[in-house]
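>>> Fold the following for me, if possible:
(2 chains)
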Amino acid sequence: MSTLRVLVLYAHPNHDMSRTNRVLRAAIEGLAGVTVHDLYDCYPHLFVDVRREQRLLLEHDVLVFQHPMQWYSAPAIVKEWEDSVLENGWAYGEGGDKLRGKHFMQAVSTGGHSESYRHGGKAHFTIPELLRPFEQMAHYCGMVYLPPFVTHDARDTADSEIATQAVRYRALLEAIHRGDVPAPFHTIPAED
Amino acid sequence: MAQDFLSQLLVYLAAAVIVVPVVKRLGLGSVLGFLVAGIFIGPWGFQLISGVDTILQFAEIGVALLLFLVGLELEPRRLWSMRRSVFGLGGAQIAITVAAVAAIAYALGQPLTVGIVAGMGFAMSSTAIVLATLAEKNLLPTPSGQASFAVLLAQDLAVIPLLLLLALLAPGEKGAEFDSLVAAKAIGMVVAVILVGRHLLRPVLRYIANTHLREIFIAFSLLLVLGTASLVHWVGLSLALGTFLAGVLLADSEYRHELELDIEPFKGLLLGLFFIAVGMSVDVGLFARATHVVAGLALGVVMLKIALLFPLARLFGISGRDAVIFALMLSQAGEFAFVLFGAAGAQRILPRETVALLTAAVTASMLTTPFLLFAYERFIAPRLARGPERAADLIEEHHPVIVAGFGRFGQIVVRLLLGRGIGATVIDHDPNQIDLVRRFGWKAYYGDVTRLDLLERAGAAEAKLLIVAVDNPDTARAAVRLARSRYPNLAVLVRAHDRTDAYEYVELGVPAIRETFGSAVEAGERALEMLGVGAHSAWRFAQWFRRHDEEEIALLAAHRHDQKQLIERTQKARDDLEQLLRDEEGRIRRGGEGGWD
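Here you go, the predicted model:
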């Protein structure tokens, strides 16, 4: 199997004050076949360069959103990125097939405890449920949706725990790069 | 002239100041006011002034200046587009009038020559009266104004061939070679004026403007206009035609507004003097002796011209309303008639008494125009159904934005606006700057923004926004105050020099952009980034800082005159800022359940 090029879109509004995401990101930076692209760093004023982003997407086979869960979703720039980069006629709609067949994955962290993310818990919904807008986005653009890589309790967990999580994250991306991709994680019926 | 210059001047000024406002109040226009003032002080009135001919000649400069200003408003391109009206409408008007007058005169038993010469004189309308009235009533940009102007231009051009024709009609004496020589000289001079005007005038104007001496610029403007007039007059063309040509040549130059402003007051006064002189030359004695003849001639001419002009205008596609104004405007006989009749008398084509009668009739016809227009406005205009009025065909396009100051600051603003398709009228006081930016294809005008008339010309009355981007804080302040007081509906945005300036604009209620503040904040933002703060956090921090500083300015503006208060409050504001920023940082760090990392 040929190797897959991985693009990690990293979105953290206060990267220098983060624990988990900083460590996770450091673990994958410089990996062969993995490009880390910091959205808040490139577009501090949220003004996304659409052509540049589309070019990057064409150069990669796997798209990863790495970000903290903020208000049960992604930070604002991720939404802005989707709204401006995934154009009609490019990502979807007539002639919009540029992302078809690529893989999509999210690496998210939560400030709350994992116990919260269940029915009856504080957050009331599971992580995959909360991420459904992203799943549908990937589906609509013809991408294969992979299971999210979740790190809970990002604020209080021990440093050693974070280090272990970082090693797992690195191993996952290395495997994907080699072509060893996890099974798709669709909650949407296949015929849709 | 027995009286000394000063007392004459006093008489003119006093007569004008007393009579003109009264006549104007009656709704009859300032032209009639000057004419009446002239009759009062002239040899047939209170005999306060003598030597009318000398004054008339001197005051003709007023007409020349008027034509120069008209020329300034007409770019060559525009003039070319008027060729159909000038040669078609104008030519037809002259030919038909001459034919009609000659036919009527012949039918009344006059010799054909007398009829033709009278027709030539009567065909000419008064450039001075028509243009001054059009300008006073703001009709110049309308279809009627444009058509009137085209016909006047045709008449100006026709004077030369008509004078040559007179020479042919003259019994014996000069032959045909005389004609071609005059014609060649005239054409040669026009070509010379165009060449010099096109290639030499602008460098010279720039040189003069660079001295930064207003008086010298004004002196040069006058020299330029009068010089061209004399040159052209020297080869037998009319003064007005020469100055008009000079005006057209400068119409697309950057100094146009400045020239307009400088010439305007001279034009106003001298044109007034011209009308006074015409009034003085009214031969009231002849009027009294031959009232019926003079009045009959004058009214006959006016009615005949109206009867010919109206259908002619309709034929050339001018709508009903405009055709009426056009016909009334051009219905009088004008100052060229004096010239033609004078020449005819001198060449013994016409007998002396006839010349006197015809000249009196011309003057009398000039008196009718203000009354006719008054009658039109009062009685006819209200009855004419107000059809869908054509948008005024403005001589100059006006942009929604005026930018004063086209240096490092203004240029960026204008470029940004243009990127969005928003045009700006640009004014700058530095001729070099204007010259430079024009070479890059920008439209910019030379002038001083603190002058009301310049703002007016730049279209301040119709513009949406004035951006004062000049670098001199005093000039900026003066311009803002002027704009605020005269154009309350015009939004103003100003480049403030510093904090103190900004305080002042808070008081005036005008949004001010501190010229270095934005870039300094940006530098701070970049510095934070270079010190390892994330780009987005650095930006947010800078935005916090900016907002706080702006609020502080609004707050401190009230205390800016009280040094002690200002220092105290500034210190407090600084502490507030630190606290504020610490709070913000803490908020991010605290997080907690529902927080994130």
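>>> can we go C-alpha only for contacts and neighbour counts from here?
Fine.
>>> Any idea which residue is closest to the centre of chain A?
Nearest to the mean C-alpha position of chain A, counting by CA atoms, centre = their mean, stands A:F65 at 1.9 Å.
>>> Under a three-state scheme, what state does A:V108 occupy?
strand (DSSP: H, G, I helix; E, B strand; the rest coil).
>>> Count the neighbours of B:A496 for me.
By other CA atoms under 10 Å in any protein chain shown, 27 other residues sit near B:A496.
>>> what sits against it?
Taking CA atoms under 8 Å, 6 or more residues apart in numbering or on different chains as the criterion, B:A496 is in contact with B:P473, B:A476, B:A502, B:A512, B:I513, B:R514, B:E515.
>>> Doesn't the residue nearest to the centre of chain A belong to a helix?
No - according to three-state DSSP, A:F65 belongs to no helix; its state is strand.
>>> Am I right that it is in contact with A:N21?
No - counting by CA atoms under 8 Å, A:N21 is not a contact partner of A:F65; they are 11.8 Å apart.
>>> that older thread, which of the contacts of B:A496 come close to chain A?
When contact is defined as CA under 8 Å from any CA of the partner chain, the contacts of B:A496 do not meet chain A at all.
>>> and of those residues, the nearest to B:L373?
Ranked by distance to B:L373 (CA to CA), the contacts of B:A496 are led by B:A476 at 43.6 Å.
>>> Of all the residues in the stretch 51-200 of chain B, which one is nearest chain A?
Going by CA to the nearest CA, chain A is nearest to B:R77 of the stretch 51-200 of chain B, at 43.7 Å.
>>> In terms of helices and strands, where is that residue?
Using DSSP states H and E, B:R77 sits within helix B:76-81.
>>> For that helix, buried residues please.
B:P76 (16 or more other CA atoms under 10 Å in any protein chain shown).
>>> Would you map the strands across chain A?
Counting by DSSP state E, one finds strands in chain A at the ranges A:6-10, A:34-38, A:62-68, A:103-109, A:144-145, A:149-151.
>>> Chain B: which of those strands is closest?
Closest to chain B of the strands of chain A, according to CA to the nearest CA: strand A:62-68, at 6.1 Å.
>>> quick one: average pLDDT of the helix holding B:R77?
Average pLDDT, helix B:76-81: 77.
>>> what's across from the residue nearest to A:H37 when sequence neighbours are not counted in the sheet?
In this structure, A:H37 finds its nearest non-sequential neighbour in A:L9, 5.0 Å apart by CA to CA, 6 or more residues apart in numbering or on different chains. For A:L9, the residues forming beta bridges with it (DSSP bridges) are A:H37, A:F65.
>>> for B:E504, what are its contacts?
Applying CA under 8 Å, 6+ apart, the residues near B:E504 are B:A557.
>>> likewise A:I188?
Contacts of A:I188 (CA under 8 Å, 6+ apart): none.
>>> B:W544 too?
The neighbourhood of B:W544, defined by CA under 8 Å, 6+ apart, consists of B:L581.
>>> Name the next helix or strand downstream of the helix or strand hosting it, please.
Using DSSP H and E, B:W544 sits in helix B:535-556. Where DSSP H and E defines the elements, the next helix or strand beyond helix B:535-556 is helix B:563-590.
>>> Now that next one: buried residues?
Across helix B:563-590, burial judged by 16+ other CA under 10 Å covers B:L566, B:R569, B:T570, B:A573, B:L577, B:I588.
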